[in-house]
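**Q** Build the 3D model from these lines:
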Amino acid sequence: MRVVERGVAGSRNMEVLTDMPTYKALSVRQPYAYLLVAGIKTCENRTWPTHHRGTLVIHAGAKPMTKEDWEWLDDIHKDLGQPPADRDDILLRTSGIVGAVYLADVVARPDPDWELGWWDGASLAWMISGCQQVAEFTHLKGRLGLFDVELPYEIEWTDDDFYPEAKR
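**A** Okay, the predicted model is just below:
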C-alpha cells in the first residue's frame, strides 16, 4: 500500500500525528479479503447498499480459513497460472487490515466485463476499480457493516492502482 507517512510518535524526524485520517472499512472473510486486495476479485456481493464511494479499507475477519478454503484459493491461483498461495502471506492473515480497494459503484446488474464472474447473480454488486495491499499487517477487531477506522497514514491512489477494464 502506498502511504504518505504523517508521523509516528517516537520516530525520528517525524512529527507526532495528532489528526489521523479516518476511512470507511469493511470486514470480509478470508480468502475473499485477500482476493479483493490482490486485485483478483473485482466485485463484492452484499445484500445492502451504501452511498460510500472511494477508498474502502479491507479488514480480514477473525474466522480462520478452512482446508476447503485453501484448496479453493489454490485452484484460483492455478487457473491464473500462479503458484499456490503462500500460507504465510500477510494478506491472508485474519483479524486485521490487509489493504484497501476503491469502491467505484454499487449496482444491481454489473457489467460482466468488469465483474469477471464474481457476481453471485442475486446480491448488490459492489464494484471495485482498484486495490492496494498493506506492507504491514494491522491487528484490529472488525464490525458488521461499514465502520470507521483511523490509520496512522494516508492512502493515496495512482493510475497504477486501478484496473484497466474498470470504470472509476
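
**Q** Grab the longest helix from this protein for me.
**A** Assignment by DSSP state H gives helix 67-79 as the longest helix of the chain.

**Q** Show me how far that one is from its chain's centre.
**A** 19 Å (CA atoms, centre = their mean, to the nearest Å).

**Q** What's the first helix or strand after the least confident helix or strand in the chain by mean pLDDT?
**A** In the chain, no helix or strand scores lower on mean pLDDT, DSSP states H and E than strand 3-5, which sits at a mean of 40. Next in sequence after strand 3-5, counting helices and strands by DSSP states H and E, comes strand 22-28.

**Q** which strands and helices sit next to the helix or strand containing Val149?
**A** Per DSSP H and E, Val149 falls inside strand 146-150. On a contact count with 3 or more CB pairs under 8 Å, 6 or more residues apart in numbering; DSSP states H and E, strand 146-150 meets strand 22-28, strand 54-60. (Each C-beta comes from the backbone N, C-alpha and C, glycine too.)

**Q** That one - what's its average pLDDT?
**A** What strand 146-150 shows for mean pLDDT is 92.

**Q** before we move on, what about stretch 87-106?
**A** 92.

**Q** Need the distance between the two termini of that stretch.
**A** The first residue of stretch 87-106 is 32 Å away from its last residue (CA to CA, to the nearest Å).

**Q** Give me the buried stretch members for it, please.
**A** Under the neighbour-count criterion of 16 or more other CB atoms under 10 Å, stretch 87-106 has 90-106 buried.

**Q** cool, and stretch 61-79?
**A** By neighbour count with 16+ other CB under 10 Å, stretch 61-79 contains the buried residues Met65, Asp69, Trp70, Leu73, Ile76, His77.
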